[in-house]
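[1] Using only what follows, build the 3D model:
(one chain, ligands or ions: 1)
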Amino acid sequence: MTQAVYLKFVMVLGVVCMKKFFLIILSSFIFLALTGCGVYEEVNHNANDVREKTKQRIIGILMPKRDSLRWTKDGDNLRYEFEKRGYKVDMQNSENDTQRQQDQLKYMIENGADIIIVAAVDSEALAEVLAEAKTKNIPVIAYDRLIMNTDAVSYYVSFDNKAVGRLLGEYIENTFGLNNGAGNFNVEFFAGSVDDNNARIVNDSLLEVLQPYIDNGQLNIPSGQIDFDQTTIYRWRNEESNKRMGNILENVYGGQTPPDAVICASDSISSGVISALEAYGFRAPDYWPIVTGQDGDVVAARNIITGKQSMTIFKDTRVLSAKCAEMVDDLFNGNIPDINDNMTYDNGEIIVPSYLCQPVVVTKDNFKEVFLDTGYYAPEDVGL
Ligand code: BGC
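    Below is the predicted model:
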């Protein structure tokens, strides 16, 4: 190769290399620009996330107690329903303590709850604190139990409490054949708590069915206790129902014979009654009264299997919590929540628009279909 040819070769090579160099620089720019965009997008996306999170709505939930599975299931199902919809849940439990619930409510109002769901410990004790929620425009939903004497309740979601009482009464009516004239049955009544609005409603509608049979003597009440003031069980506590049943068995029945039926307004009440009966030596299913209940609590479910309890009025907490979450969705989306009762629940200040779910009677006969087939309980939960 001559020197001239060699020089030409080097120049051509140089031009090619420069082109390549340019191409490399250019593509690097393009690459950086693109990846830069990616980074930007990434950052921007995270910022949106953060913004989403900071405006994530907070649902304050106040539950009354954890001593019966009914309320823990309510709590769990509410959490599930709200979290599924992307809300943040702040759930507090007051263990049946009125003051504690008032404090929890105050805290939620002052600390950014966007909506508050309350199952009141004492229906009459929240009006003052709720006035603050109203001034802050925080909607309040009374859950299962109506909150009395306040216009700060936006909605009430519950079960049809009148139906609960009616179903209890009809169960006794049908089991004894009262409408066919059968009679002379000894029964005792155990009503719900004096500070729970539901308790009186259930009791009144139960007596609407049974009062005629009491009046005409088909039903006797050996204790003579029929007025709500006499039969009420404070805070629905099993210790209280246990004590009262023990007294009645001892002082009225001489510890010898059980009544024909003990009409209990809830499963917590019936569990106290059942242990009193056992303490007096009675054993289910023979020589054992009809015992009723309400809720479909796991203890009651087990007692239905063993024959210690005849029935319960099941209030499916999955249905109630889903309805409550739907109401909240509607409120946030500017829709009017679905209600099916706009006249029954007068809380002394306003008639609270309500959605009432339907309770279901559960006995041994439909136990599997209602509790097991729907997955509410697994067989091992109820001792099967
Ligand atoms: C509920 C009942 C429950 C009772 C005791 C009432 O307010 O409506 O379902 O049995 O509280 O917990």
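[2] Break down the protein into its helices, ranges please.
    3-54, 69-84, 98-110, 127-135, 161-176, 197-215, 228-231, 238-251, 267-279, 298-306, 317-332, 367 (DSSP state H).
[3] Report the separation between Leu206 and the ligand.
    14 Å (C-beta to the nearest ligand atom, to the nearest Å). Yep, even glycine has a C-beta here, placed from its N, CA and C like the rest.
[4] and what of Gln211?
    For Gln211, the distance to the ligand - C-beta to the nearest ligand atom - is 22 Å.
[5] Most proximal residue of the stretch 1-150 of the chain with respect to the ligand?
    Arg145 (4.5 Å; C-beta to the nearest ligand atom).
[6] which residues touch that residue?
    Pro64, Ala119, Ala120, Ser123, Ser158, Asp196, Asn197, Asn198 (C-beta atoms under 8 Å, 6 or more residues apart in numbering).
[7] Show me what from the stretch 101-250 of the chain comes close to the ligand.
    Asp144, Arg145, Asp196, Asn198, Trp236 (C-beta under 6 Å from any ligand atom).
[8] Quick one: neighbours of the residue nearest to Lys364 when sequence neighbours are not counted, just the number.
    Counting by C-beta to C-beta, 6 or more residues apart in numbering, Lys364 lies nearest to Ile304, which is 5.9 Å off, once chain neighbours are set aside. Ile304 has 23 neighbours, counted by other C-beta atoms under 10 Å.
[9] can I see the domain layout of this structure?
    The chain is divided into the following domains under automatic domain parsing: 1-53, 58-153+319-357, 161-314.
[10] can those domains go into JSON lines with extra columns for distance to Asp365 and mean pLDDT?
    Converted to JSON lines, those look like this (distance: least, C-beta to C-beta, whole Å; pLDDT from 0 to 100):
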{"stretch": "domain 1-53", "distance to Asp365": "50", "mean pLDDT": "47"}
{"stretch": "domain 58-153+319-357", "distance to Asp365": "21", "mean pLDDT": "97"}
{"stretch": "domain 161-314", "distance to Asp365": "10", "mean pLDDT": "97"}
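[11] Compare those domains and report which one is nearest to Val370.
    domain 161-314 (6.1 Å; C-beta to C-beta).
[12] measure the closest one end to end?
    Terminal residues of domain 161-314 are spaced 12 Å apart (C-alpha to C-alpha, to the nearest Å).
[13] What of stretch 251-269?
    Stretch 251-269: ends 20 Å apart by C-alpha to C-alpha.
[14] Check stretch 300-318 too.
    End residues of stretch 300-318 are separated by 18 Å (C-alpha to C-alpha).
[15] so how far is it off the chain centroid?
    Its chain's C-alpha centre and that of stretch 300-318 lie 17 Å apart, by C-alpha atoms, centre = their mean, to the nearest Å.
[16] And stretch 136-145, by the same measure?
    Worked out by C-alpha atoms, centre = their mean, stretch 136-145 lies 14 Å from the chain centre.
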